[in-house]
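Enquirer: coords please:
(one chain, ligands or ions: 1)
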Amino acid sequence: MSDSASRRTFIAATGMAAAHVWVPGTARGYSPAEMRAMEETIGVSKWELDTPALCVDLDALESNITTMQARLTAKGLGARPHAKTHKSADIARKQLAAGALGICTSKVSEAEALMAAGIDRICMTTTNPSASKIRRAMALRAKSAQFIQAVDEEKNARDLSDAAKAAGLTADVVIDVAVGTRSGIPAGDGAIALAELVSRLPNLRLRGMLSYDGGAQHLTGFAARRATALANLEGNVRVFEALKKKGLPTEIFSGGGTGTYNIQHDVPGFTDVQVGSYLFMDMQYLAIGNAAGGPVYDDFARSLTVLATVLNNRFPGRLTTDAGAKALTLNVPRPGVVGEPGMDYNAGSDEFGVITFSEARKSYAIGDKLELVVPHCDPVVNLYDQMYGIRKDRVEVVWPITARGKSQ
Ligand SMILES: Cc1ncc(COP(=O)(O)O)c(C=O)c1O
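Expert: Model (predicted):
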């Protein structure tokens, strides 16, 4: 049987063609030829894909979604997963179907792309500081009553209210209260005053507050992570309690991520966790250690890999692949080579990965494929037009990265 005949037989036997979900043209237009090329990969072994190829193991992904939802629910918290990680309408749909309250986006362009693909329960966790972005945010609010945006200063609150008035609507907002110094208004009287102002402005509706602690997520060792995360949020809890005491809306007290998902329930008043990387896991997260004291953070399965091809094997102890910085972004921590713990993978060169090793599990020929665990998942996903959904080593689905490149 020819290759394509056996593939057709495989699709027919498994019903995979019917399971193939394609949402065309959400991030950009796909030409008919590109669409055909994608469709032709359905049912093939992942080892036959052209590389670099971004792959997600569907069993692991689905298990991560249900595990996270169940664990948060058991602790009385909601999930509001951050779509900055996956940028995919298809994955957002799975998270919502599993029970997420909504999803988060970082940027207005990300929210636009996802809403155009049918995701309308969105909380934007970054502020919109320019007139143009505010207009774009109001256009999203006009399309969806479930669009919420962050605000962290008085002028921005007044601008949002004016723009909402001009758009003929009342916009839902949350106060972003800083944890550390990255973003948000400091956790103190100014934050309380901002919440009071928002609740008075005629075209804004206060929904509560955000408090994301980026600094605590990757702290190594559970005990240290927990102690720091809880201490860092003490001032934010005081703000939350002050808002409550004043009778201001506090229905949302949201933040946290994959590193602190199992800590946030100890923060008084906390409502939901903005988990992102748990879907995929990456070298950064795998290294932070679990609650039982183990060195590997194994609460969630590693589902995301990049496949690369060996281009050069002519030099002893060295291999060159086709996946460098443009396929893997960061080079620290080093990408991991699945099944080859002795290999050091250097993704510092634009187009090439340089592997050095003294021992390898097998010998590699030119054209052989390797599977890589990415250093940090979010920026890697943003490099690819599509993600191959793999089950038992075969392509079951091809998902466009809906908001790929949407960084405005
Ligand atoms: C505001 C906000 N919330 C949630 C997350 C998700 O964090 P993680 O990928 O660690 O789960 C991030 C990630 O940077 C973030 O910036």
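Enquirer: Up against the ligand, what does the stretch 201-350 of the chain have?
Expert: Applying Cβ under 6 Å from any ligand atom, we find that the stretch 201-350 of the chain lies next to the ligand at Tyr212, Gly214, Gln217, Gly257, Thr258, Gly259, Gln274, Val275, Gly276, Ser277, Tyr278. From N, CA and C alone the C-beta is placed, and that goes for glycine too.
Enquirer: From those residues, list the buried ones, please.
Expert: Neighbour-count burial (16 or more other Cβ atoms under 10 Å) applied to these gives Tyr212, Gln217, Gly257, Thr258, Gly259, Gln274, Val275, Gly276, Ser277, Tyr278.
Enquirer: Contact partners for the first one?
Expert: If I follow you right, that is Tyr212. Thr125, Val179, Ser183, Gly184, Ser254, Gly255, Gly256, Gly257, Gln274 (Cβ atoms under 8 Å, 6 or more residues apart in numbering).
Enquirer: on that earlier part again, rebuild the buried ones among the residues of the stretch 201-350 of the chain next to the ligand as CSV, extending it with distance to Glu153 and pLDDT.
Expert: CSV is the format used below for these (distance: Cβ to Cβ, whole Å; pLDDT from 0 to 100):
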residue, distance to Glu153, pLDDT
Tyr212, 17, 98
Gln217, 25, 97
Gly257, 24, 98
Thr258, 29, 98
Gly259, 28, 98
Gln274, 21, 98
Val275, 27, 98
Gly276, 25, 98
Ser277, 29, 98
Tyr278, 31, 98
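Enquirer: Which member of those is positioned nearest His86?
Expert: Nearest to His86 among these is Gly276, at 7.7 Å by Cβ to Cβ.
Enquirer: mind checking the SS state of Thr181?
Expert: Of the three states, Thr181 takes coil under DSSP: H, G, I helix; E, B strand; the rest coil.
Enquirer: what about it, how many neighbours?
Expert: 8 (other Cβ atoms under 10 Å).
Enquirer: State the distance from it to the ligand.
Expert: 14 Å (Cβ to the nearest ligand atom, to the nearest Å).
Enquirer: Flag every residue of the stretch 1-150 of the chain that's near the ligand.
Expert: Counting by Cβ under 6 Å from any ligand atom, the positions of the stretch 1-150 of the chain adjacent to the ligand are His82, Lys84, Thr85, Thr125.
Enquirer: Not counting the helix or strand containing Leu96 itself, show me its contacts.
Expert: In this assignment (DSSP states H and E), Leu96 forms part of helix 89-97. Applying Cβ under 8 Å, 6+ apart, the contact partners of helix 89-97 are 21, 23, 26, 61-62, 65, 69, 79, 81, 83, 86, 102-103, 113-114, 117-119, 121, 279, 397, 399, 402.
Enquirer: What of stretch 163-176?
Expert: By Cβ under 8 Å, 6+ apart, stretch 163-176 touches 123, 125, 127, 131, 134-135, 137-139, 141-142, 145, 147-152, 157, 160-161, 183-185, 191, 194-195, 198, 202-211, 252, 254.
Enquirer: Buried members of those into ChimeraX, please.
Expert: The ChimeraX selection below is limited to those of the contacts of stretch 163-176 classed as buried (16+ other Cβ under 10 Å):
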select :123,125,127,134,137,138,141,147,148,149,150,151,152,157,160,161,183,184,185,191,194,195,198,203,204,206,207,208,209,210,211,252,254
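Enquirer: Fine, thanks again, bye for now.
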